[in-house]
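*Asks:* sequence? don't have it. structure:
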């Protein structure tokens, strides 16, 4: 309000929305407007001519303020200036923003205009914002997780109390820290890449890294981080991390304990297997040694000697069968590949299954016709079937029961394969299934993890490899086993074998799949074998054909003999595993001389495992141990034909 407006425009003064009053130099109220009267609940005639302080006599603080501020402020005001201040009403909790300015009229008496604007709502909002900020700061500062903010250069802007306590830095030290000062060197490069991505606004999700505390200890943390932008420019990162060092240590300790327990279980299984194999071999050796002693020490007739020899031969064959079962358990027992219909194999062996089980047990068959072929060793498949059926029969025991065999095709997805006992890298797809169910007592939860251990049984000890051999056979055929059992209801074993996807070709005969070689003149056989007894037996088998045999006890000796006698040698038969130079190394050395002499490998291991790294036509053949005289002589005659 300018000079003279009080008298010239009283309506304007009264219509002001904020409380307004005109006072003189002695604080005497000359006039108030309607808003003033309403705010302070007074009438104009009540306050006119009174001291302004008396208007607020119920508000002692107002009076004190008026005495202190008005008296010291407005007497010094000059025309065209004003004083601004705030006033608070403690009783009503109202806040006012006040301005006091001098006005003049025709008289020389000094007058002043007091305008009071209610800012209570603004004050309340400001107070609430302050409280909210304090609450947020308290939450961040006292959070159990580590909270940090870093500028684009990596300097720390803020860290909370938990961060400082875990890292061991004071607030003053944090001000001098850079992010590179706390990162584990082993993961620093990765963290700098993460920091760069965050500064670009990328959402990285969960982050795991390692901080280095002030005392050098490592703190493993996980959390997330993002960036605050202003006008499109990155200003600071915001990160919340949780200390998972103890959790990681617990996981590490748990894994070590699990590995230790697994190792103990393996050692226990190996102990059981070694004891079982020793028991079975001891019985076989007892027979062999006993009959051998009878031949040597007694004056026997030819008939008796032949009978003892047959008994020795039978014991040796049983030892060979036990060896094959051990190879099956290891997954290395497969050496002859056929393309077979599993349903037909089962049908062909029905009499064998019936002879295996008790007469009280009925075997039921539900076999799919025209089953897709599988690539398998038929003898191994037969062994697998016998072992599973025998296991089911022993589970039923002397009770009446039923064993069911069924076959079919299943589309196994990744989820299904993860529920099997062998699922390492098995691809989802089409599999042939063999399902064998019995209504025996089932398997207890305690026994389930060990059911495929060698010689493990819930009935008696030393029985044999059983389901352990089944597991090895299935593993060797790139299949899987699923076991379902409920105590009191029975057990179902499901074997999955991959469907053969290739094109069938004519198959060679069993003894040795050997390429046609040009006929040779009568030459010698270089026989390389480190086991004396095997070398002697093989020599006798070959010599019986009238063919000269040159022996060597290891690969190095064999190679030296070959270099001196290569013109006389028409065939090399070498063991695979030998001292100094093994069979494959010997093969390569012979080929390096430029010789194309046929080389045949001999081993008790799986042919496919051994020859997979050999180039086509580099190896002439393979003969599997133990072999018969007929197999050995048939092999030799393919390369050294009979004279005449």
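*Replies:* Sure, I can see it. Bear in mind the structure is a predicted one, so any value in this text is a computation, not a measurement.

*Asks:* just the helices in the stretch 251-400 of the chain please.
*Replies:* Secondary structure of the stretch 251-400 of the chain (DSSP state H, counting those that start in this stretch): helices at 302-330, 342-348, 350-356, 378-396.

*Asks:* and among those helices, the most buried is which?
*Replies:* helix 378-396 (a mean of 21; mean count of other C-beta atoms under 10 Å). The C-beta positions use only the backbone N, C-alpha and C, and glycine is treated the same way.

*Asks:* now do the buried residues in stretch 83-101.
*Replies:* For stretch 83-101, a neighbour-count test (16 or more other C-beta atoms under 10 Å) marks 83, 87, 88, 89, 94, 95, 96, 97, 98, 100, 101 as buried.

*Asks:* can you tell me the SS state at the residue nearest to residue 529 when sequence neighbours are not counted?
*Replies:* Leaving aside its sequence neighbours, residue 529 sits nearest to residue 535 (C-beta to C-beta, 6 or more residues apart in numbering; 4.1 Å). Following DSSP: H, G, I helix; E, B strand; the rest coil, residue 535 is assigned to helix.

*Asks:* measure how buried residue 535 is and give me the count.
*Replies:* Around residue 535 there are 18 other residues, counting by other C-beta atoms under 10 Å.

*Asks:* which ones are touching it?
*Replies:* If you count contacts by C-beta atoms under 8 Å, 6 or more residues apart in numbering, residue 535 has them with 527, 529, 551, 553.

*Asks:* quick one on the thing from earlier: what's the closest of the helices of the stretch 251-400 of the chain to residue 579?
*Replies:* helix 302-330 (21.5 Å; C-beta to C-beta).

*Asks:* which helix or strand contains residue 608?
*Replies:* Using DSSP states H and E, residue 608 maps to helix 607-611.

*Asks:* ok, and what's touching the helix or strand where residue 407 lies?
*Replies:* Assessed by DSSP H and E, residue 407 sits inside strand 401-412. By C-beta under 8 Å, 6+ apart, the residues outside strand 401-412 that reach it are 342-343, 346, 353, 357, 360-368, 371-372, 389, 392-393, 396, 428-440, 480, 496, 499.

*Asks:* same check, this time on stretch 565-574
*Replies:* With C-beta under 8 Å, 6+ apart, stretch 565-574 has contacts from 520-529, 538, 548, 550, 555, 558, 562, 583, 586-587, 590, 593, 595, 597-602, 620, 623, 635-636, 639-640.

*Asks:* ditto for stretch 351-366
*Replies:* Contact partners of stretch 351-366, identified using C-beta under 8 Å, 6+ apart, comprise 346-347, 350, 382, 385-386, 389-390, 392-393, 396-407.

*Asks:* that stretch spans what distance, first to last residue?
*Replies:* End-to-end span of stretch 351-366 (C-alpha to C-alpha, to the nearest Å): 16 Å.

*Asks:* hmm, back to that, just the buried members of the contacts of strand 401-412?
*Replies:* 342-343, 346, 353, 357, 361, 363, 367, 371-372, 389, 392-393, 396, 431-440, 480, 496.

*Asks:* and residue 173, that's in a helix?
*Replies:* Yes - assessed with three-state DSSP, residue 173 lies in a helix.

*Asks:* check contacts around it.
*Replies:* residue 214.

*Asks:* against residue 156, how distant is it?
*Replies:* To residue 156, residue 173 is 10 Å away according to C-beta to C-beta, to the nearest Å.

*Asks:* which element is residue 87 on?
*Replies:* strand 83-89.

*Asks:* so what touches stretch 540-551?
*Replies:* 522-529, 535, 538-539, 561, 565, 568-569, 629, 632-633, 636-637, 640, 642-643.

*Asks:* next one: stretch 33-48
*Replies:* By C-beta under 8 Å, 6+ apart, stretch 33-48 touches 13-21, 29-32, 54-56, 116, 118.

*Asks:* residue 220: which element?
*Replies:* Following DSSP H and E, one finds residue 220 within strand 218-230.

*Asks:* ok, now how distant is residue 252 from residue 392?
*Replies:* Distance from residue 252 to residue 392, by C-beta to C-beta: 42 Å.

*Asks:* same deal with residue 564?
*Replies:* Noted for residue 564: a distance of 59 Å to residue 392, by C-beta to C-beta.

*Asks:* cool, and residue 202?
*Replies:* From residue 202 across to residue 392, the span is 58 Å (C-beta to C-beta).

*Asks:* kindly report the same for residue 156.
*Replies:* Here the distance between residue 156 and residue 392 works out to 69 Å (C-beta to C-beta).

*Asks:* among the contacts of residue 535, which are in strands?
*Replies:* Within the contacts of residue 535, residues falling in strands by DSSP state E are 527, 551.

*Asks:* adding pLDDT and neighbour count, write the contacts of residue 535 out as CSV.
*Replies:* Listed next are the contacts of residue 535 as CSV, based on pLDDT from 0 to 100; neighbours: other C-beta atoms under 10 Å:
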residue, pLDDT, neighbour count
527, 93, 24
529, 89, 23
551, 90, 17
553, 86, 17
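
*Asks:* can you list the contacts of residue 535 in a markdown table and add distance to residue 133?
*Replies:* As requested, those are exported to a markdown table (distance: C-beta to C-beta, whole Å):
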| residue | distance to residue 133 |
| --- | --- |
| 527 | 93 |
| 529 | 88 |
| 551 | 95 |
| 553 | 89 |
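
*Asks:* what's the closest of the contacts of residue 535 to residue 124?
*Replies:* Nearest to residue 124 among the contacts of residue 535 is residue 529, at 101.1 Å by C-beta to C-beta.

*Asks:* which ones are touching the closest one?
*Replies:* Listed by C-beta under 8 Å, 6+ apart, the contact set of residue 529 reads 535, 538, 551, 552, 553, 574, 575, 578, 602.

*Asks:* what about it, distance to residue 604?
*Replies:* Taking C-beta to C-beta, one finds residue 529 at 12 Å from residue 604.

*Asks:* helices of the stretch 101-250 of the chain, residue ranges please.
*Replies:* Assigned by DSSP H, counting those that start in this stretch, the stretch 101-250 of the chain shows helices spanning 120-141, 161-167, 171-174, 188-199, 245-297.

*Asks:* just those helices: most buried one?
*Replies:* helix 161-167 (a mean of 18).

*Asks:* before we move on, back to that, need the helices of the stretch 101-250 of the chain in TSV with mean pLDDT and distance to residue 48, can you?
*Replies:* Output for the helices of the stretch 101-250 of the chain, formatted as TSV (pLDDT from 0 to 100; distance: least, C-beta to C-beta, whole Å):
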stretch	mean pLDDT	distance to residue 48
helix 120-141	80	27
helix 161-167	91	61
helix 171-174	91	60
helix 188-199	89	68
helix 245-297	73	78
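
*Asks:* switch those helices over to CSV; also include distance to residue 411.
*Replies:* Shown next, in CSV, are those (distance: least, C-beta to C-beta, whole Å):
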stretch, distance to residue 411
helix 120-141, 54
helix 161-167, 52
helix 171-174, 60
helix 188-199, 41
helix 245-297, 33
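
*Asks:* so residue 20 makes contact with residue 12?
*Replies:* No - at 10.3 Å, residue 20 and residue 12 do not qualify as touching, with contact defined as C-beta atoms under 8 Å.

*Asks:* neighbour-wise, which of the two wins?
*Replies:* Each of residue 20 and residue 12 has its neighbours counted (other C-beta under 10 Å); residue 20 has more, 21 against 12.

*Asks:* distance of the more buried one relative to residue 317?
*Replies:* Distance, residue 20 to residue 317, using C-beta to C-beta: 124 Å.
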